[in-house]
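Visitor: From the sequence below, what's the structure:
(2 chains)
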Amino acid sequence: MSVHLYNSMTRTKEEFKPLTEGQVGIYVCGPTVYGPPHLGHAKSYITFDVLVKHLRGRGMQVRYVQNITDVGHLTDNADSGEDKIQKQARIDRVHPLEIVDRYMFQYFTDMEALKIAHPSFYVRATQHIGEQIEAVQILLNKGHAYEIGGNVYFDVNSFPQYGKLSGRVLDEQREAVRVEARSEKRNPRDFALWKKAEPIHILQWNSPWGRGYPGWHIECSVMSTKYLGETFDIHGGGLENMFPHHECEIAQSECVTGKTFARYWVHNNMVTVDGVKMGKSLGNFKTCRDLLTRHSAEAIRVFILSTHYRSPTNYTEEAISAAAAGLTRLAVLKAFLETASKGTEGTNAVSCDISTLCHDADRQIGEALDNDLDTPGAIAHLYTFATAFNRLAAQTPLSPIEAREGLAVLKRWGEDLLGIVPVSAVGKGVADVEPLMDLIIELRKELKTAKRYDLADKIRDQIKIAGFTIEDTREGSRWRRL
RNA sequence: GGCGACAUAGCCAAGUGGUAAGGCAACGGUCUGCAAAACCGUUAUUCAUCGGUUCAAAUCCGAUUGUCGCCUCCA
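Guide: Numbers count the residues shown, from 1 in each chain, chains lettered A, B, ... in the order given. Next comes the predicted model:
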């Protein structure tokens, strides 16, 4: 099976075939950096992180471009309201670029903490002002835009296909309401390409239409096509951006180039908190940083990935803890396999059962991901694999080569791709505690031989407070970090 | 008001016409000096409700109820 993706444009699941075989261009809407990253960002960027890694795992070369919106924008169709970045700058009494700098770096740091790989590169709106002005000029020249008093608007009526992504048609009633409020525009659905800046607006640039700043949508049109080509493979983003943002991007881009913009549209669903929308105005948004103080990156990832990306994720503290609790078995198995793979004794043969198990897991997990990134299915198969592997390992001793084969499956999917298996199951801290733990285990062995169970148990209990657990098995004691 | 999505065990959550994945929790059991881990078993005759299509429906169609999202910036 090849990779299939649900394309929002056609509303069907389609086989994914890049424009150029073996090479993929993907553009994902990045954050506007005026506040700390939250769980919604995490869901979106973890989703595309897994998608890109999977495409690469399937042998494709992927160029993944993500933007950083560092120009503040007003509400897109309104002429009133305050620039988001400038507003935050006013509140904090700093320059807008200080806001941009602060939250952009927090974004990078938090995404990294969530084990999200960097895109191929980030692009910033402020670094492409010239290109945006050019695009606006082309739209004016082609009659798709008009200028009024330093503002330039896109003429929606000049692009009959407007609405093809979101399935929206003109709503006469709502328009009628807006016409009164926005009489400057020819049509209430027209949107700003370039906004005239008042002197108080700090981030502004020269343009053929006077001092101003670009409209919200144009940056994505310009930057995606600049780095990926006029027609490119995948455009991703949050569902809430489908309209109007992506609709406007399509209109602008296709009017500038005369070609199809993005070929596949991939939208991730939203995050709710206790059943209701997570929104800034509702004050219920969960920041990544806050979540990371209570949960590991793996816990947050498995929580998010255990719901399909096109379904809404409902955050509750219980749900995330429950999802994380299951991870222990994978971590323990990994620690066990790491130890078992180090030995040199035993046969070099890989038993038929182990081999079949690993191959089946590879196939099943891969197919789940091929199927529109079915991460819940992939996780289920990984758990099934872990159970089956443990069963076999309990029956017959593992040879090092068998352990390595099992470890490879766990690493390939659980660690590298999904990022849900802790990298250091045994783990090294600041100091290397291994000799110390070996000594403790040796001492307990002597105590147990002498039937001094009270002391042996006391050591085991106390060591737990220090963050380690000792497990006594038939083959001897072993330890791991909690 | 317009557009769209979803309703599956105590909780989270797959299922894309062929007879209900997986995780958490709970309760038994094996193993163990005990504990932990691991493994085995039990927990939805049923998929919001009511109709319809079909040999066959959680899956398709219609109606009803409920929840959520978008239509204003938001991942």
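
Visitor: what element comes up after the helix-or-strand element of chain A with minimal mean pLDDT heading to the C-terminus?
Guide: Lowest mean confidence among the helices and strands of chain A (mean pLDDT, DSSP states H and E): helix A:172-181, at a mean of 44. Sequence-wise, the next helix or strand downstream of helix A:172-181 (DSSP states H and E) is strand A:191-196.

Visitor: strands paired with that following strand, and their directions?
Guide: strand A:151-154 (antiparallel), strand A:212-214 (antiparallel) (DSSP bridges).

Visitor: for stretch A:468-482, the distance to its chain's centre please.
Guide: 35 Å (C-alpha atoms, centre = their mean, to the nearest Å).

Visitor: cool, stretch A:366-379 as well?
Guide: So, by C-alpha atoms, centre = their mean, the centroid of stretch A:366-379 is 16 Å from its chain's centroid.

Visitor: Contacts for it, please.
Guide: A:1-6, A:13, A:47, A:50-51, A:54, A:57-58, A:302, A:305-310, A:365, A:380-381, A:413, A:417-418, A:420 (C-beta atoms under 8 Å, 6 or more residues apart in numbering). For glycine as for every other residue, the C-beta is placed from the backbone atoms N, C-alpha and C.

Visitor: Considering only the residues you listed, which also neighbour RNA strand B?
Guide: Restricting the contacts of stretch A:366-379 to those near RNA strand B by C-beta under 7 Å from any atom of the strand leaves A:13, A:306-308, A:380.

Visitor: The residue in the stretch 101-250 of chain A positioned nearest to RNA strand B: what's it in contact with?
Guide: Across the stretch 101-250 of chain A, the shortest distance to RNA strand B (C-beta to the nearest atom of the strand) belongs to residue A:238, at 2.3 Å. Neighbouring residues of residue A:238 by C-beta under 8 Å, 6+ apart: A:29, A:40, A:44, A:267-268, A:270.

Visitor: Tell me the one among those nearest to RNA strand B.
Guide: Nearest member of the contacts of residue A:238 to RNA strand B, counting by C-beta to the nearest atom of the strand, is residue A:40, at 2.3 Å.

Visitor: gap between that closest one and residue A:5?
Guide: 21 Å (C-beta to C-beta, to the nearest Å).

Visitor: Tell me which of the two has more neighbours.
Guide: residue A:40 (24 against 21; other C-beta atoms under 10 Å).

Visitor: tell me the phi and psi of the closest residue in space to residue A:32 that isn't next to it in sequence?
Guide: Excluding the flanking residues, the one nearest residue A:32 by C-beta to C-beta, 6 or more residues apart in numbering is residue A:69, at 4.1 Å. Dihedral pair for residue A:69: phi -80, psi 110, per degrees, to the nearest 10.

Visitor: In helices, which of the ones next to RNA strand B among the contacts of stretch A:366-379 fall?
Guide: With helices taken from DSSP state H, the overlap with these comprises residue A:380.

Visitor: Out of the ones next to RNA strand B among the contacts of stretch A:366-379, name the two that are farthest from one another.
Guide: Pairwise distances across those peak at 20.5 Å for A:13 and A:306 (criterion: C-beta to C-beta).

Visitor: Of these two, which one has the most company?
Guide: residue A:306 (19 against 12).

Visitor: List the contacts of that one.
Guide: Taking C-beta under 8 Å, 6+ apart as the test, what residue A:306 contacts is A:323, A:375-376, A:379.

Visitor: most neighbours, which of those residues?
Guide: With neighbours taken as other C-beta under 10 Å, the top of those is residue A:375, carrying 27 neighbours.

Visitor: Please spell out the segments of the stretch 351-482 of chain A that come in under the pLDDT threshold.
Guide: A:424-431 (pLDDT under 70).

Visitor: Up against RNA strand B, what does it have?
Guide: Looking at RNA strand B, the residues of the stretch 351-482 of chain A close enough under C-beta under 7 Å from any atom of the strand are A:371-372, A:374, A:376-377, A:379-380, A:383-384, A:386-387, A:390-391, A:394, A:448, A:453, A:456-457, A:460, A:469-474.

Visitor: cool, the stretch 151-300 of chain A as well?
Guide: Going by C-beta under 7 Å from any atom of the strand, the residues of the stretch 151-300 of chain A near RNA strand B are A:166-169, A:171, A:173-174, A:216, A:237-245, A:268, A:270-272, A:275-281, A:285.

Visitor: Give me the neighbour count for residue A:446.
Guide: 10.

Visitor: what's the spacing between whatever helix or strand it lives in and its chain's center?
Guide: Using DSSP H and E, residue A:446 sits in helix A:434-449. Relative to its chain's centre, helix A:434-449 lies at 44 Å (C-alpha atoms, centre = their mean).
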